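> have a look; sequence and predicted model below, questions after that.
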Amino acid sequence: MYAFVWRHLPGNLAAKLVGTLLLLVLAGLFLWYGLFPWLEPRIALDEVTVG
Amino acid sequence: MRAILRTIGELSITLGVVLLLFCAYLLWGTSAYTERHQRILQRQLVAEQADKPLGKVELGGAVALIRIPRLGASYKYAIVEGVEDEHLRQGPGHYPGSAQPGEIGNFVVSGHRTTYAAPFNRIDELKKGDPIVVDAREARYTYEVTGTKIVEPTEVDVIEPVPGHPGKKADKAVITLSTCHPEYSARQRLIVFGSLTKTEERDVI
């Protein structure tokens, strides 16, 4: 899976490394600001009220 | 076969990293949200000091500042009106319809235990006689802890005007704090009771 991504990143080694970093940052941003805020209220981890 | 196994391995590692990141989000990402809203709410309280009770605060508005010296000299949170998810993310929330600070009846406040800055994380450490200071716009109300209790989420009589006695008319001003118990769980609730011992009028700045 990751080997496939690596093969398809354009350019030489340096460019591939920059591309990898970019993809990681994008994935992180999506998780932190997209998926996690959506997911968090859906798991009852910290219910504090009665009734 | 080998390629499939490798892919499964890679996916597992990825999932593990994502779960770790999610834990980090629960601890720090949610706190950042609360802290941002706490700044707004606390500014609102300072700006709106008054010499008489404001009465009912609209949903999402700042009700009062809560301080618990046992949990540290700098322990202070603005209580927000409302106990829906959106309110509790901003700080401890006051049950609409329960008594106002200092008022005869039960002033009920709920707060997160582990996420969203976890304002009520350590209220299990409170002991009988510990002060809970509520700075409302018009006065400072000091409650003293009278006891703690662990209840099921369905036991709503702890938020009655007289806790534990549904339907009884209140003749005392009390406070009830609620949070989840045990930590990281929604199984039970930890309740702290207190009663009003001192009222100090506030000098309006």
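Structure's in. What do you need?
> only C-alpha atoms for contact and neighbour calcs from this point on.
Will do.
> name the SS class of residue 32, please.
I'll assume chain A. Three-state call for A:Trp32 (DSSP: H, G, I helix; E, B strand; the rest coil): helix.
> what about B:Arg189, helix or strand, and which?
Secondary-structure assignment from DSSP states H and E places B:Arg189 in strand B:188-201.
> and stretch A:37-46, how far out from the chain's middle?
Mean-position distance between stretch A:37-46 and its chain equals 18 Å (C-alpha atoms, centre = their mean, to the nearest Å).
> and that stretch, how far apart are its ends?
Stretch A:37-46 stretches 14 Å from its first residue to its last (C-alpha to C-alpha, to the nearest Å).
> then stretch B:165-179?
Taking C-alpha to C-alpha as the measure, stretch B:165-179 stretches 21 Å from start to finish.
> so it, near chain A or not?
Yes: interface with chain A: stretch B:165-179 contributes B:Ser178, B:Thr179 (C-alpha under 8 Å from any C-alpha of the partner chain).
> in that stretch, what counts as buried?
Neighbour counts over stretch B:165-179 (16 or more other C-alpha atoms under 10 Å in any protein chain shown) mark B:Ala173, B:Val174, B:Ile175, B:Thr176, B:Leu177, B:Ser178, B:Thr179 as buried.
> please state the offset of that stretch from the chain centre?
17 Å.
> quick check: longest helix in chain B by residues?
helix B:2-24 (DSSP state H).
> how many neighbours does B:Arg113 have?
B:Arg113 has 26 neighbouring residues, counting by other C-alpha atoms under 10 Å in any protein chain shown.
> picking that back up, quick one: mean pLDDT over the strand holding B:Arg189.
For strand B:188-201, mean pLDDT is 94.
> which strands or helices does it pack on?
Packing partners of strand B:188-201 (3 or more C-alpha pairs under 8 Å, 6 or more residues apart in numbering or on different chains; DSSP states H and E): strand B:139-151, strand B:173-181.
> now the angle between strand B:188-201 and the longest one, please.
With axes from the mean of the first three to the mean of the last three C-alpha atoms, to 10 degrees as the basis, strand B:139-151 and strand B:188-201 are set at 160 degrees to each other.
> report the buried residues of strand B:139-151.
B:Ala139, B:Arg140, B:Tyr141, B:Thr142, B:Tyr143, B:Glu144, B:Val145, B:Thr146, B:Gly147, B:Thr148, B:Ile150, B:Val151.
> so for those residues, which is the shakiest by pLDDT?
The member of these with the lowest pLDDT is B:Ala139, at 90.
> give me the residue ranges of chain B where confidence is low.
Within chain B, the stretches with pLDDT under 70 are B:50-55, B:203-205.
> now do chain A
Residues of chain A that meet the cut-off, pLDDT under 70, sit at A:44, A:51.
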